[in-house]
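1. no sequence for this one, just the structure:
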């Protein structure tokens, strides 16, 4: 029954990815153009597979440097459905990459776009309208903006971003409200350790703070073999143990998959999550630089 819902309805707190380390533009606008070539990514996430109303999302990201390599731009499109709620986000990223010497860069990025929220409460009523819901179908569009900082070198990557700095409540009716955007902070780092010419070890972490919730984090460890195969494991605080694998079918085309196994209290109601990622980088000359990214 819709009347049993909490008066405040929240979408999933922030966009969640397991394979964020492969394309930094998914979590940080300052990454736009950092691949030094046109980069296209598509990611599909099926969270808690088999659970009715569980989150599903698709993300399409394109970014590229300008003729001036210090500038980068990109487009970010994200669709997410959770139960009767559907969010569609369209944004543009703009980044400035400041060279620090020795292939080190400090980047600054801005993000601006729109977020559309649609909630179909009519689908829950099953022919028995609830008088407490004045609008069985709600749709609203709001402005969204964000920013980020990103540092990269041959060995170290680190970034901080606030993907959404607009925090508003959209009033659905007198008794029900929807807060689609939660102010969130993301701090990411990954270190690359070369073991000869064949292996690269990449430990890393992602700290996540969402407004009104405890601090969360992901800890991950990846191994790359001959810039062709990447495999690893990640731990998401009190939520899941994640297994990742990525194939570079060509130096440009990557196919990646992640399997999230729920643990702790989450495992009582949730099933495994699946995430697949396709990525193509239009870069055909690497200048003898060997990087798992």
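-> Great, that's in hand. Treat the numbers as computed from the prediction; the structure is a model and nothing was measured. Numbers count the residues shown, from 1 in each chain.

2. Next, the buried residues of stretch 262-279.
-> 262, 270-275, 277, 279 (16 or more other CB atoms under 10 Å). (Each C-beta comes from the backbone N, C-alpha and C, glycine too.)

3. who touches it?
-> Outside of stretch 262-279, the residues within contact range by CB atoms under 8 Å, 6 or more residues apart in numbering are 17-19, 22-23, 39-51, 54, 238-241, 246, 253-261.

4. do that again at 7 Å, thanks
-> The contact list for stretch 262-279 (CB atoms under 7 Å, 6 or more residues apart in numbering) reads 18-19, 22-23, 40-51, 238-241, 254-261.

5. cool, and stretch 70-77?
-> Residues outside stretch 70-77 that contact it (CB under 7 Å, 6+ apart): 25, 32-34, 60-66, 90-97.

6. Helices of the chain, residue ranges please.
-> 122-125 (DSSP state H).

7. what about it, any weak spots by pLDDT?
-> For the chain, the stretches with pLDDT under 70 are 1-14, 122-136, 167-182, 284-293.

8. Now with 80, please.
-> 1-14, 50-53, 120-138, 166-183, 211-212, 266-270, 284-293 (pLDDT under 80).

9. Quick check: end-to-end length of stretch 246-255?
-> Length of stretch 246-255, first residue to last, CA to CA, to the nearest Å: 6 Å.

10. Now, of the contacts of stretch 262-279, which are buried?
-> 18-19, 22-23, 40-41, 43, 45-48, 239-240, 254, 256, 258-260.

11. So which of these are in strands?
-> Using DSSP state E, the subset of those located in strands is 40-41, 43, 45-46, 240, 254, 256, 258-260.

12. Check those residues and tell me the two furthest apart.
-> Greatest spacing in those, by CB to CB: 40 and 240 (27.7 Å).

13. got the end-to-end distance for stretch 30-49?
-> 32 Å.

14. And the strands in the stretch 51-200 of the chain?
-> Under the criterion DSSP state E, counting those that start in this stretch, the stretch 51-200 of the chain carries strands at the ranges 56-65, 71-82, 85-101, 104-120, 137-152, 156-162, 170-171, 177-179, 184-191, 193-195, 199-210.

15. Pipe those strands into TSV and attach mean neighbour count per row.
-> Output for the strands of the stretch 51-200 of the chain, formatted as TSV (neighbours: other CB atoms under 10 Å):
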stretch	mean neighbour count
strand 56-65	19
strand 71-82	19
strand 85-101	18
strand 104-120	19
strand 137-152	18
strand 156-162	19
strand 170-171	14
strand 177-179	16
strand 184-191	18
strand 193-195	11
strand 199-210	18
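
16. Would you convert the ones you listed into JSON lines that also reports distance to residue 216?
-> Output for the strands of the stretch 51-200 of the chain, formatted as JSON lines (distance: least, CB to CB, whole Å):
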{"stretch": "strand 56-65", "distance to residue 216": "18"}
{"stretch": "strand 71-82", "distance to residue 216": "18"}
{"stretch": "strand 85-101", "distance to residue 216": "20"}
{"stretch": "strand 104-120", "distance to residue 216": "22"}
{"stretch": "strand 137-152", "distance to residue 216": "18"}
{"stretch": "strand 156-162", "distance to residue 216": "15"}
{"stretch": "strand 170-171", "distance to residue 216": "25"}
{"stretch": "strand 177-179", "distance to residue 216": "19"}
{"stretch": "strand 184-191", "distance to residue 216": "10"}
{"stretch": "strand 193-195", "distance to residue 216": "26"}
{"stretch": "strand 199-210", "distance to residue 216": "5"}
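
17. between the ones you listed, which one is nearest to residue 231?
-> strand 199-210 (10.9 Å).

18. Check the offset of that closest one from the chain's centre.
-> Centroid separation for strand 199-210 versus its chain: 14 Å, with CA atoms, centre = their mean, to the nearest Å.

19. Stretch 200-217 too?
-> Counting by CA atoms, centre = their mean, stretch 200-217 comes out at 12 Å from the chain centroid.

20. residues making contact with that stretch?
-> In contact with stretch 200-217 (CB under 7 Å, 6+ apart) are residues 13-14, 20-21, 182-195, 218-224, 237, 292.

21. Stretch 236-243 now?
-> Under CB under 7 Å, 6+ apart, the answer for stretch 236-243 is 18, 216-218, 233-235, 258-264, 266.

22. Please report the distance of the closest residue to residue 254 other than its chain neighbours from residue 147.
-> In space, and not counting its chain neighbours, residue 254 is closest to residue 279: 4.3 Å by CB to CB, 6 or more residues apart in numbering. Here residue 279 is placed at a distance of 24 Å from residue 147 (CB to CB, to the nearest Å).

23. And residue 261, by the same measure?
-> As judged by CB to CB, residue 261 and residue 147 stand 34 Å apart.
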